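Peer 1: Predicted model, plus sequence, below.
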Amino acid sequence: MSEHYPRVRLYSVYDTGRYLSIREGVNITFYMRRTHREVAPAVMRALEVYHRAVGPQALGLYADYEGESQKLDDKGWEFVRSELLENVGTNLNLFGDSSDATCYEFFYCGQQFDHPLFPAKPGDVCAAAFWLPTEYLEEHGPGRVRELALELAAVLPFNTGHAGLAFLFPENLLGMHSAIRDLCFRYPGLDIPDLDMATGQIGTRVKGAHWLTFLGQPVLGELGGTAGLRARLHSPHTTVQELEGDRAVVTLGKWPEAGDLEQGRTLPEYRELARILEPWLWRSTNSWSGFTEEDIQRWQRRFLD
């Protein structure tokens, strides 16, 4: 266990064996209130940045139209490029070929906002998510992970985004949320991903306070720009960095932290940022197995109450 976060390894047992199904990882996600065709070239460049950073062996499989795993060989990469650059919208999932849940994954949801029969809703976005194992964080250090997140941010036309610790698990598999209920309330800095719901709801809002919180327009402008945001933050280890395109990133300390309420580590920097961002925070309407409505509200307000 790191001093910054717990080691989470939860297994599922099937007839074919015992498999790691839930673990901690580092998640980097960006939300873009733009149509797929507009963002697709930038997403392709971001995927290339990520692929170079993690190495050619980290991603070995992709999910086809039926959800079946296929080898990410030359033919597989042709499929990925075609999906991104030639379609009006797509969903992509690339991942490692290890059965031990290495935590290298790429998710992308690209939506067509200008379909004549299905006009875009206010909450619709295109979203790209990049996963790293905490082993990568430990080997390369938090500075390199932050640098990678900034490299991704530089090529993506995001409205908001975030990077930090999170539970990695198959979101659509029944029962997964039940297994993390107690852990998530103990370690508030371990985020629960909700990408499927976010792509239809988050719009230009913000998904909470994270180790790195990326802010673009209109939220940053409504906060008074980089200078206005910086003036509101007083925690000594919090920094605000201006980015190109009227955007900024807030960094809460050198390392991403999970906190530990049983040990009194309440993450005051995260709480300060959450209070400032409260008017712009997104509230998911999803339901999770093992969570009551009160549980979900308590989780979403974990840095506010």
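Peer 2: Good, I have the coordinates.
Peer 1: All the helices of the stretch 151-300 of the chain, in order from the start?
Peer 2: If you assign secondary structure with DSSP state H, counting those that start in this stretch, the helices in the stretch 151-300 of the chain sit at 176-186, 195-198, 219-222, 225-232, 268-277, 293-300.
Peer 1: Deepest-packed of those helices, please.
Peer 2: Neighbour counts averaged per stretch over these are highest for helix 268-277, at a mean of 19; criterion: mean count of other CB atoms under 10 Å. The way it works is simple: take the backbone N, C-alpha and C, and place the C-beta from them, glycine included.
Peer 1: Pull the residues that contact that one.
Peer 2: With contact meaning CB atoms under 8 Å, 6 or more residues apart in numbering, helix 268-277 is reached by 188-189, 206, 208-210, 213, 219, 223, 229, 232-235, 237-238, 250, 252-253, 257, 259, 281, 303-304.
Peer 1: Stretch 146-159 now?
Peer 2: In this structure, residues lying in contact with stretch 146-159 by CB under 8 Å, 6+ apart are 28, 30-34, 38-39, 42-43, 45-46, 49-50, 53, 125, 128, 130, 132, 161, 163, 203-204, 212, 214, 216-219, 243-245, 247, 249, 251.
Peer 1: coming back round to it: looking at the helices of the stretch 151-300 of the chain, which is nearest to residue 90?
Peer 2: Residue 90 sits nearest to helix 195-198 of all the helices of the stretch 151-300 of the chain, at 14.4 Å, using CB to CB.
Peer 1: and the helix or strand that residue 147 is a member of, what's its mean pLDDT?
Peer 2: With elements delineated by DSSP states H and E, residue 147 resides in helix 142-155, which encompasses its position. Along helix 142-155, the predicted confidence averages to a pLDDT of 98.
Peer 1: Let me see the contact set for residue 162.
Peer 2: Contacts for residue 162 (CB under 8 Å, 6+ apart) come out as 27, 28, 29, 191, 206, 207, 208, 210, 211, 212, 213, 214.
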